[in-house]
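Asker: build me a model:
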Amino acid sequence: MLSEKDQLEKESLERAHWLKTFSLFITIVKSFLFIICATLLYITFEDSFDFNFQKQTPNKSAYASNQTYADSEDWDKVENGIHVASGLVYVDNFDIIRANCTACHSGKLVAQNRATREGWQQMIRWMQKTQGLWDLGKNEPIILDYLAKYYAPKEVGRRANIDIAEVEWYILELDKE
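Answerer: Alright, predicted model coming up:
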């Protein structure tokens, strides 16, 4: 026969074993309920979940919303001398321009700006000093030539003045009846 102390210790071990078993059972039931709820939610809101689980084919409206051209057949498309994906003028050294200018920002950011060669060089220095742009090395003159040629300041504003001395004047004669 067990002593009273041994009997209490045995009962305590049995309770601990029962609690572990019960805890494991509750964990299994909770997991099962979670799976059922998740399945029911998916069935109920199936259309809402599709955007994460299906690869979508890019289209022109997707490009307008700044989605990437990387998976598109239009990645290297050129129309009227403009690289469609970047919006930049396409020339022989275009790969150098694209690699250096669109690694950090859109080519459209370049295309919207205008500057002289010196102005572009100042922008490059500013990007190197404050934005982490790397040393362009031997590519810098190529990039500067490209930017100065295709994205130079435009002369816009009012029309040129009329040279009055060059105007052929005439007198309008009205028939008086």
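
Asker: return the helix or strand in the protein with minimum mean pLDDT.
Answerer: helix 60-64 (a mean of 46; mean pLDDT, DSSP states H and E).

Asker: so after it, what's the next helix or strand?
Answerer: On the C-terminal side of helix 60-64, the nearest following helix or strand under DSSP states H and E is strand 78-79.

Asker: tell me how far the following helix or strand past that next one lies from the chain's centre.
Answerer: Downstream of strand 78-79, the first helix or strand assigned by DSSP H and E is strand 82-83. Put simply, strand 82-83 sits 18 Å off its chain's centre (CA atoms, centre = their mean, to the nearest Å).

Asker: can you show me the helices along this protein?
Answerer: 4-44, 46-53, 60-64, 94-101, 107-111, 117-126, 139-150 (DSSP state H).

Asker: how about those in TSV, adding mean neighbour count?
Answerer: Using the backbone N, CA and C atoms, a C-beta is placed for each residue, glycine as well. Converted to TSV, these look like this (neighbours: other CB atoms under 10 Å):
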stretch	mean neighbour count
helix 4-44	10
helix 46-53	9
helix 60-64	11
helix 94-101	17
helix 107-111	16
helix 117-126	14
helix 139-150	16
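
Asker: dump those to TSV, plus distance to residue 166.
Answerer: Shown next, in TSV, are the helices of the chain (distance: least, CB to CB, whole Å):
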stretch	distance to residue 166
helix 4-44	79
helix 46-53	66
helix 60-64	48
helix 94-101	43
helix 107-111	38
helix 117-126	35
helix 139-150	33
